[in-house]
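S.K.: Here's a sequence, model it:
(2 chains)
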Amino acid sequence: SAVISQKPSRDICQRGTSLTIQCQVDSQVTMMFWYRQQPGQSLTLIATANQGSEATYESGFVIDKFPISRPNLTFSTLTVSNMSPEDSSIYLCSVETGQGSSTNYGYTFGSGTRLTVV
Amino acid sequence: ILNVEQSPQSLHVQEGDSTNFTCSFPSSNFYALHWYRWETAKSPEALFVMTLNGDEKKKGRISATLNTKEGYSYLYIKGSQPEDSATYLCAFINQGGKLIFGQGTELSVKP
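M.R.: You can find the predicted model right below:
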């Protein structure tokens, strides 16, 4: 199954600044997913990143706040822009463990970025 | 609105105790249910992928059952060990392929 390297693992940022989170996968994948878990809340899908096209955002999430890049089939970045304390969360990237067969194998996740905005 | 509910939110047990927790999900539009274990500072790890009503799956001391008609899944841990301490997440997948997570059950096993 795929192995994902995610960084940074944690950061403390000043409000109003931006942070870019990177995920590198050791194999080519069609779709990469970005999630957020706010304190006490469920993991929530932010957007799906496809190579060669704009990311697809879930309700409540917009490109201006969470711009995503997907320059090739093994790499993606998520930027959290103009941060406020409400953005303090764990951010995770994810791919299907087996291409097109997530129902059989589930999803593989990065180790997460723990963001605190002060 | 789709709701995936997990209970309890947290659980503290002694080493050797057996334990179980519940995931409730919408019984309509079901496609699959996933269970993940998430240890602090690590990646969530897939435990089970379940698709058929009545499925029972086992991995070592951990097992899970699925009832799609009534919309619930149970995760059982037999003889809990300190290394089982983690947050256990379930995720419901609907026919559209969207993954919806519960809030998780945080398990702490004391030696």
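S.K.: only C-alpha atoms for contact and neighbour calcs from this point on.
M.R.: Noted.
S.K.: Who are the packing partners of the helix or strand of chain B with the lowest mean pLDDT?
M.R.: Lowest on mean pLDDT, DSSP states H and E among the helices and strands of chain B sits strand B:99-101, with a mean of 90. Contact partners of strand B:99-101 among helices and strands, from 3 or more Cα pairs under 8 Å, 6 or more residues apart in numbering or on different chains; DSSP states H and E: strand A:44-50, strand B:86-94.
S.K.: now what about that strand, what contacts it?
M.R.: With contacts defined as Cα atoms under 8 Å, 6 or more residues apart in numbering or on different chains, strand B:99-101 is touched by A:42-45, B:2-4, B:89-93.
S.K.: Give me every residue in chain B lying close to chain A.
M.R.: Contact residues, chain B versus chain A (Cα under 8 Å from any Cα of the partner chain): B:32, B:34, B:41-46, B:48-51, B:99-104.
S.K.: Write a ChimeraX command that selects only the buried members of those residues.
M.R.: The ChimeraX command for the buried members of these (criterion: 16 or more other Cα atoms under 10 Å in any protein chain shown) is given here:
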select /B:32,34,43,44,45,46,48,49,50,51,99,100,101,102,103,104
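S.K.: As a check, name the ranges of all strands in chain A.
M.R.: Taking DSSP state E as the test, the strands found in chain A are A:4-7, A:10-13, A:19-25, A:31-37, A:44-50, A:56-57, A:68-72, A:75-80, A:89-96, A:107-109, A:113-117.
S.K.: export those to TSV and tack on mean pLDDT and distance to residue B:8?
M.R.: Formatted as TSV, the strands of chain A follow (pLDDT from 0 to 100; distance: least, Cα to Cα, whole Å):
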stretch	mean pLDDT	distance to residue B:8
strand A:4-7	96	30
strand A:10-13	98	28
strand A:19-25	98	32
strand A:31-37	95	18
strand A:44-50	94	20
strand A:56-57	95	31
strand A:68-72	95	35
strand A:75-80	97	32
strand A:89-96	95	22
strand A:107-109	92	24
strand A:113-117	98	24
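S.K.: Looking at these, which is nearest to residue B:56?
M.R.: Residue B:56 sits nearest to strand A:107-109 of all these, at 19.9 Å, using Cα to Cα.
S.K.: Show me what from chain A comes close to chain B.
M.R.: Residues of chain A lying near chain B (Cα under 8 Å from any Cα): A:40-45, A:103-112.
S.K.: mind redoing it with 10 Å?
M.R.: A:4, A:6, A:9-10, A:37, A:40-45, A:92-94, A:97, A:102-114 (Cα under 10 Å from any Cα of the partner chain).
S.K.: Leaving out chain neighbours, which residue sits closest to residue A:7?
M.R.: residue A:22 (5.4 Å; Cα to Cα, 6 or more residues apart in numbering or on different chains).
S.K.: sorry, that was for residue A:71
M.R.: residue A:51 is the one closest to residue A:71 (Cα to Cα, 6+ apart), at 6.4 Å.
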